[in-house]
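J.: Let me see the structure of the following:
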Amino acid sequence: MSERRTRYDIYAAILHIARNGSKKSHIIYKANLSFNLGEKYFNVLIDKGLLNVSYYPRLYTSTTRGLDYVTQFNGLSEFVNIN
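T.: All right, here's what the predicted structure looks like:
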């Protein structure tokens, strides 16, 4: 049985996928989220300044702060999962 993802896992997944700029549908598909749930997470990340939206074309890109979050999150995950 697999473990459920935390909201922090999902934040990291979204920010990782969006590191070079991606469309919303691509991020939602790659992060394995429903559209409604993805919308909720996108709003939080944008409000916190971790994800940026550009228009024409509409792309979502991780900010420098967002990429720092991914790096810190991955480092902490490796530290916690040491056997």
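J.: rest of the way, CA atoms for contacts and neighbours
T.: Noted.
J.: Grab the longest helix from the protein for me.
T.: If you go by DSSP state H, the chain has its longest helix at helix 64-80.
J.: List the buried residues in it.
T.: Applying a neighbour-count criterion of 16 or more other Cα atoms under 10 Å, the buried positions in helix 64-80 are 66-67, 69-70, 73.
J.: Quick one: those as a markdown table, columns for distance to Gly21 too.
T.: Supplementary listing: those in a markdown table, determined by distance: Cα to Cα, whole Å:
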| residue | distance to Gly21 |
| --- | --- |
| Gly66 | 12 |
| Leu67 | 12 |
| Tyr69 | 16 |
| Val70 | 15 |
| Phe73 | 20 |
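J.: Nearest to Thr6 among those residues?
T.: Sorting the buried residues of helix 64-80 by how near they are to Thr6, with Cα to Cα, puts Phe73 at the top with 12.0 Å.
J.: okay but the closest one is in contact with Ala12, surely?
T.: Yes - Phe73 is within contact range of Ala12, at 7.1 Å (criterion: Cα atoms under 8 Å).
J.: Check what pLDDT Asp9 gets.
T.: pLDDT, the model's per-residue confidence, is 94 for Asp9.
J.: Give me the residues contacting the helix or strand harbouring it.
T.: Assigned by DSSP states H and E, Asp9 falls within helix 7-17. Judged by Cα atoms under 8 Å, 6 or more residues apart in numbering, the contacts made with helix 7-17 from elsewhere in the structure are 27-28, 30-31, 41, 45, 50-51, 61-62, 66-67, 69-70, 73.
J.: on that earlier part again, on contacts alone, who are the packing partners of the longest helix of the chain?
T.: For helix 64-80, the helices and strands in contact under the criterion 3 or more Cα pairs under 8 Å, 6 or more residues apart in numbering; DSSP states H and E are helix 7-17.
J.: Just want the angle from the helix it packs on to helix 64-80.
T.: Angle, helix 7-17 to helix 64-80, by axes from the mean of the first three to the mean of the last three Cα atoms, to 10 degrees: 130 degrees.
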